[in-house]
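1. just need the structure, nothing else, for what follows:
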Amino acid sequence: MTSQKIRVLVVDDSAVSRQILSAILNADPSIHVAGEAPDGETAIRLARSLRPDVIVMDIVMPGLNGFLTTQQIMETTPVPIIIVSGIEDPDEVGIIFSAMQAGALLSLRKPAGPGHPNHLKEARDLVWNVKMVSEIRVVKRRPTVVSSPPRPFSHHNRGTGRGAPVRVIAIGVSTGGPIVLQEILSHLPAGFPIPILIVQHIAAGFSEGFADWLSQVSGFPVRLATDRASLKPGVALVAPDGFQMGIDSDHGIHLVDAPPENGLRPSVSFLFRSLAQVCSEKTAAVLLTGMGTDGAAELKHLRDLGAVTVVQDQKSALVYGMPGEAVRLNAAGYILTPAEIADLMVDLSQK
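-> Residues are numbered from 1 along each chain as shown. Reported below is the predicted structural model:
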């Protein structure tokens, strides 16, 4: 029956796009498109009246764009929101992550129409993610306030790192990651001396814009990684899509056209395994919110080799798949909130 299906509201100013999105979603027997909206104002009204389980929304619309619409919905009638977009211009991608800052859970490339070689894959991705986010409980979001300063790190929560000075910090994250990364990086002081490597699962074409957005909102230098680039103190490098990212024996970035791992490229598992081979005892590895198990086994291997290993705590994680698997494997030397992770990173930088 329809009442047992995942009820979706589709929001897009293009009638053709609404038709394509609705056809993809209605083709799955567990999903029902409960309504369509051509603009943000209508979406806000229908979110209130229909109470959908998930909203699938374009970002560029007349009147209220996807960011402003997300902001108003999450402040009044919170619903899991997926942003779908064809934007690839790095200067414009930032609006997508602003929507995620306002409460949207993830962003996907807008599926191509039937007959396009990417249609089936992108349609499957959309359906899978709608099912995934329908299980996430979201709460009302209030207008952004200035973050409180970081708290001193609590030494009683120390893990099992063996005391070697940390020379690189690697972070793996998926669903819910942009906002957590923003919180962590914004807590780091100017002149933070350790290079940071980030694998964020993200839709193809969005990596450069994501790096630019994260740098702007956190105040911490963030760049898109390039092959053979040197690790620089106080700079975070984001893995580009379409490659696996590791480091070589000279501690430079190594981008590899290798197969996906755990269905992902870039994958956290590849980065963590690379660090285990090159500088395990001088690594701090962090696994944050995300669906699946990417990086969990490799985090355990790093811990066994003497690395500092950190997992986001369940209460603060939007999705506890990746960190939860790491805890199950006893891979976590520390289990911390994002603010506490930042405190630990500062503490490690002072050794």
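2. quick check: closest non-adjacent residue to the residue most central in space within the chain.
-> The central residue of the chain, meaning the one whose C-alpha is nearest the mean C-alpha position (CA atoms, centre = their mean), is Gly177 at 3.0 Å. With CB to CB, 6 or more residues apart in numbering as the measure, Gln200 is the residue that lies nearest to Gly177, at 5.0 Å, once sequence neighbours are left out. Placement of C-beta: from N, CA and C, glycine included.
3. burial count for that neighbour?
-> The local packing of Gln200 (other CB atoms under 10 Å) involves 24 other residues.
4. swap in Val180?
-> Applying other CB under 10 Å, we find 23 residues neighbouring Val180.
5. just Gln350 next, same as before
-> The local packing of Gln350 (other CB under 10 Å) involves 8 other residues.
6. what segments of the stretch 51-200 of the chain are strands?
-> Using DSSP state E, counting those that start in this stretch, the strands found in the stretch 51-200 of the chain span residues 54-57, 81-85, 106-109, 168-173, 196-200.
7. in JSON lines: the ones you listed, plus mean pLDDT.
-> Below are those laid out as JSON lines (pLDDT from 0 to 100):
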{"stretch": "strand 54-57", "mean pLDDT": "98"}
{"stretch": "strand 81-85", "mean pLDDT": "95"}
{"stretch": "strand 106-109", "mean pLDDT": "92"}
{"stretch": "strand 168-173", "mean pLDDT": "98"}
{"stretch": "strand 196-200", "mean pLDDT": "98"}
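8. dump the residue contacts of Asp248.
-> With CB atoms under 8 Å, 6 or more residues apart in numbering as the criterion, the residues that contact Asp248 are 254, 278.
9. also Gly324?
-> Under the contact definition (CB under 8 Å, 6+ apart), the residues listed for Gly324 are 314, 317.
10. cutoff 7 Å now
-> The neighbourhood of Gly324, defined by CB atoms under 7 Å, 6 or more residues apart in numbering, consists of Gln314.
11. for the helix or strand hosting it, which positions count as buried?
-> Using DSSP states H and E, Gly324 maps to helix 321-328. Taking 16 or more other CB atoms under 10 Å as the basis for neighbour counts, the residues of helix 321-328 that come out buried are 321-327.
12. could you dump these into CSV and include pLDDT?
-> Below are the buried residues of helix 321-328 laid out as CSV (pLDDT from 0 to 100):
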residue, pLDDT
Gly321, 95
Met322, 97
Pro323, 97
Gly324, 97
Glu325, 98
Ala326, 98
Val327, 97
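13. columns distance to Met132 on top of those, output as TSV?
-> As requested, the buried residues of helix 321-328 are arranged in TSV below (distance: CB to CB, whole Å):
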residue	distance to Met132
Gly321	9
Met322	13
Pro323	16
Gly324	15
Glu325	16
Ala326	19
Val327	20
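14. looking at the residues you listed, which is nearest Met245?
-> The closest of the buried residues of helix 321-328 to Met245 turns out to be Met322 (CB to CB; 17.0 Å).
15. could you give the angle of the helix holding Gly324 to strand 168-173?
-> In terms of direction (axes from the mean of the first three to the mean of the last three CA atoms, to 10 degrees), helix 321-328 departs from strand 168-173 by 120 degrees.
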